[in-house]
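Novice: Got a predicted model here, sequence first, then my questions.
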Amino acid sequence: MTEVDNKIELELKGKALQIYWYMLKQGRPVGTREIQRALNFSSPSIAHHHLDKLKTLGLVKKDNFGQYLLAEKVEIGVLQAFTRVGRLILPRYTFYAFSLQLF
């Protein structure tokens with residue numbers, strides 16, 4: 001694990017992790033107010049603060065319309081336990097459980 005990965009793992013927790021997870025599930029650019037409403041934050045400034053944190057880490061970027069989109073997908077910490085299939089995010093062990101049912 002590199003030094004950058006260690007820094008991301010230390011910073012990607014709490015509300016920042018919630019926002020990152022939400023953006024992974026959406027798979028499209030999202031705005032600050034959309035995140036605030038979807039995650040029940042008390043104000044858009046909370047969402048903006050954590051989006052800036054993710055932007056500093058290089059995980060999100062801002063487009064010309066003021067929307068945020070994922071710049072990099074990481075598999076660090078709790079995210080290692082999940083895999084993405086299209087728009088679905090599934091626990092990795094789902095595949096093992098399904099294969100056991102076949103035999």
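Specialist: That came through fine. Numbers count the residues shown, from 1 in each chain.
Novice: Please report the distance of Tyr68 from Ile35.
Specialist: Tyr68 sits 8 Å away from Ile35, going by C-beta to C-beta, to the nearest Å. For glycine as for every other residue, the C-beta is placed from the backbone atoms N, C-alpha and C.
Novice: Between the two, which contacts overlap?
Specialist: Contact criterion C-beta atoms under 8 Å, 6 or more residues apart in numbering; residues shared by Tyr68 and Ile35: 23, 51.
Novice: mean confidence for the helix or strand hosting Glu34?
Specialist: Here Glu34 sits within helix 32-38, counting by DSSP states H and E. Per-residue pLDDT values across helix 32-38 average out to 96.
Novice: Please apply the same query to stretch 44-61.
Specialist: Stretch 44-61 shows a mean pLDDT of 93.
Novice: Could you tell me how far that stretch lies from the centre of the chain?
Specialist: 11 Å (C-alpha atoms, centre = their mean, to the nearest Å).
Novice: buried sites along it?
Specialist: By 16 or more other C-beta atoms under 10 Å, the buried positions in stretch 44-61 come out as 44, 46-48, 50-51, 53-54, 57, 59-60.
Novice: Spatially central residue in the chain, please.
Specialist: Tyr20 (2.2 Å; C-alpha atoms, centre = their mean).
Novice: Might one say that that residue is in contact with Glu11?
Specialist: No. Contact criterion C-beta atoms under 8 Å: Tyr20 and Glu11 do not qualify, at 10.3 Å.
Novice: Just the CA atoms of the helix holding Glu34, as PDB, please.
Specialist: Provided in PDB are the C-alpha atoms of helix 32-38 (Å, rounded to 0.1, in the frame of the first residue of the first chain):
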ATOM      1  CA  THR A  32     -24.000  19.600  -3.500                       C
ATOM      2  CA  ARG A  33     -27.700  20.100  -2.700                       C
ATOM      3  CA  GLU A  34     -28.600  16.700  -4.100                       C
ATOM      4  CA  ILE A  35     -26.000  15.100  -1.700                       C
ATOM      5  CA  GLN A  36     -27.300  17.200   1.200                       C
ATOM      6  CA  ARG A  37     -30.900  16.000   0.600                       C
ATOM      7  CA  ALA A  38     -30.100  12.400  -0.200                       C
END
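Novice: No further queries at this time; thank you.
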